[in-house]
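**Student:** below is the sequence, then the predicted model.
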Amino acid sequence: MKFHDILKERNSLWIFGYGSLVWKPDFTYKRCKIGYIKGYKRRFWHGDDFYRGDKENPGRVVTLVEDQEACTWGVAYEVTHSKIEDSLQYLNMREVVLGGYITETVQFIPKEKAQCPLLALVYIATPDNPIYLGPASDTEIAAQIAKCSGNTGHNIEYLVRLAEFMRLNCPEVEDEHLFSIEAAVLNTFPECGGIKAPDQKTLLLGTA
Ligand SMILES: N[C@@H](CCC(=O)N[C@@H](CS)C(=O)NCC(=O)O)C(=O)O
């Protein structure tokens, strides 16, 4: 039986977001927590030929790459009862069918130390995916992001909203990969620095 089938039986499913899901979940959730997962680093190594790019100029979006020394911060969303099926169907279309991600199970550790770790579903793009782009220099990644846009907007927005989310909700976290790419893009397009991401209060109100 699949992980989320087991959790569906419990009427509670946690979903961990670390890219656009931290600022644009677009599914109904009961509550959310800021926190992290161990053993993965976030990298702009996945291609996007639908949302933030197209077939000729695929954008760059984030995925998770295994690294025992690393951890990745984001948001875990709790989906309950009748919303589980709808949320999984929505995310399957958004992340798997159109995004090229697969699902894995991870242990999420809440930022609030008094709270217990929990099991969560996560969407990861792996190197065997046809639109996986892999490593490149921060400058090359920034140049690609700067010139791409797709069905939901510019690739710069995707980058800046994620960086803004981290500054607002995880100010103590250093994410050199994310912020160096953002700096390279904003050196070229300073006017994009004003994009704001929802903070946790907005997320908690479910108005993200
Ligand atoms: N799976 C990651 C990344 C998700 C992600 O960024 N997916 C892209 C699909 S390639 C997306 O949904 N983009 C919507 C948008 O950019 O508006 C997460 O948990 O946040």
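**Tutor:** Here it is on my side, so go on.
**Student:** the ligand contacts on this structure?
**Tutor:** 17-21, 24, 48, 51-52, 61-62, 94-95, 99, 101, 123, 152, 158 (CB under 6 Å from any ligand atom). For every residue, glycine as well, the C-beta is placed using N, CA and C.
**Student:** residue of the chain closest to the ligand, please.
**Tutor:** Gly19 (2.8 Å; CB to the nearest ligand atom).
**Student:** now do the same contact list for that residue.
**Tutor:** 42, 61-63, 74, 158, 162 (CB atoms under 8 Å, 6 or more residues apart in numbering).
**Student:** what ranges does this structure have for its strands?
**Tutor:** 12-17, 31-48, 59-80, 102-110, 118-124, 149-150, 153-154 (DSSP state E).
**Student:** hmm, who's touching the longest helix along the chain?
**Tutor:** Counting residues, the longest helix in the chain under DSSP state H turns out to be helix 155-169. With CB under 8 Å, 6+ apart as the test, helix 155-169 has contacts from 19-20, 22-24, 34, 44, 48, 51-53, 59-62, 73, 75, 144-149, 173, 175, 178-179, 181-182, 185-186, 189, 192-193, 195-200.
**Student:** can you check stretch 89-109 too?
**Tutor:** 3-4, 14-16, 26-27, 33, 35-38, 40, 46-48, 50-51, 61, 63, 76, 117-126, 129-132.
**Student:** select only the buried ones of these in PyMOL?
**Tutor:** A single PyMOL command selects the buried members of the contacts of stretch 89-109 (16 or more other CB atoms under 10 Å):
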select buried, resi 4+14+15+16+27+33+35+36+37+40+46+47+48+50+51+61+63+76+118+120+121+122+123+124+125+129+131
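**Student:** my read: Leu64 touches Tyr40, true?
**Tutor:** Yes. Here Leu64 reaches Tyr40: they are 4.0 Å apart, a contact under CB atoms under 8 Å.
**Student:** which neighbours do these two share?
**Tutor:** Here Leu64 and Tyr40 have 72, 124 as joint contacts, going by CB under 8 Å, 6+ apart.
**Student:** could you check how far Val173 is from Tyr77?
**Tutor:** 19 Å (CB to CB, to the nearest Å).
**Student:** more neighbours: these two, which one.
**Tutor:** Tyr77 (25 against 14; other CB atoms under 10 Å).
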